[in-house]
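Colleague: Provided below for reference: sequence and predicted model.
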Amino acid sequence: MTSATTFSISPDGSCTGATCTATIAGPHTVTGNNGGKTTTASLAVTSADCQIDVSGQVTVKLGIIRFDKKSGLYTQSVTLTNVGVTLSQVVLVVRDLTAGVMLVNDGKTSCTSTGDPFIMVPNDLRQGKSASITLRFSNPSKGSISYMPRVLAGTGAP
């Protein structure tokens, strides 16, 4: 490394010399460029007091929402695939859920500080591995169900 090497960090933050600082927690990539020759380093920036958003390193595949006549609930299979480093204490947060619809997964759900329901993934999500969970919704109006998935991991309250 020489003084000719420039550094950048993504998806956010800034670099001064060889020191890069992220502005939010989550997965980041630092790139060093010296005369057109580049190298990168991947890292997870953590926050000491809460879980971090790892949606950028976990692909979320949403299955079709189906009505279960036996339970009277709507169900949906969701598959999370980790394309980054191993994650622990992973939760799928259900953001902006349709008004009047509730996530009701047998006591495995809770609410975030913003009021969004979530469900915990039972085991660590290792690099390159997937986990499938089934969401269950109460939908008295029988209208369409929509939400935005968000994946968090780490220690602390989501």
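Modeller: Happy to help now that I have it.

Colleague: Name the next helix or strand downstream of the helix or strand of the chain with the lowest mean pLDDT, please.
Modeller: Every helix and strand of the chain was ranked by mean pLDDT, DSSP states H and E. The lowest is strand 109-111, at a mean of 56. Later in the chain than strand 109-111, the nearest helix or strand by DSSP states H and E is strand 117-120.

Colleague: pLDDT weak spots in this protein?
Modeller: 1-2, 23-26, 45-50, 106-115, 155-158 (pLDDT under 70).

Colleague: Show me it divided up by domain.
Modeller: For the chain, the structural domains run 6-45, 52-153, going by automatic domain parsing.

Colleague: possible to save those as a markdown table with mean neighbour count?
Modeller: No exception for glycine: its C-beta is placed from N, CA and C like everyone else's. Shown next, in a markdown table, are the domains of the chain (neighbours: other CB atoms under 10 Å):
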| stretch | mean neighbour count |
| --- | --- |
| domain 6-45 | 14 |
| domain 52-153 | 15 |
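
Colleague: could you dump stretch 143-154 to CSV, C-alpha only?
Modeller: C-alpha atoms of stretch 143-154 as CSV (Å, rounded to 0.1, in the frame of the first residue of the first chain):
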residue,chain,number,x,y,z
GLY,A,143,-58.6,-8.7,1.1
SER,A,144,-55.2,-8.8,-0.4
ILE,A,145,-52.1,-9.1,1.9
SER,A,146,-49.0,-7.1,1.2
TYR,A,147,-45.9,-6.1,3.2
MET,A,148,-42.2,-5.3,2.8
PRO,A,149,-39.8,-8.0,4.2
ARG,A,150,-36.7,-6.8,6.1
VAL,A,151,-34.0,-9.1,7.5
LEU,A,152,-32.2,-8.3,10.8
ALA,A,153,-29.5,-10.3,12.6
GLY,A,154,-27.3,-10.0,15.7
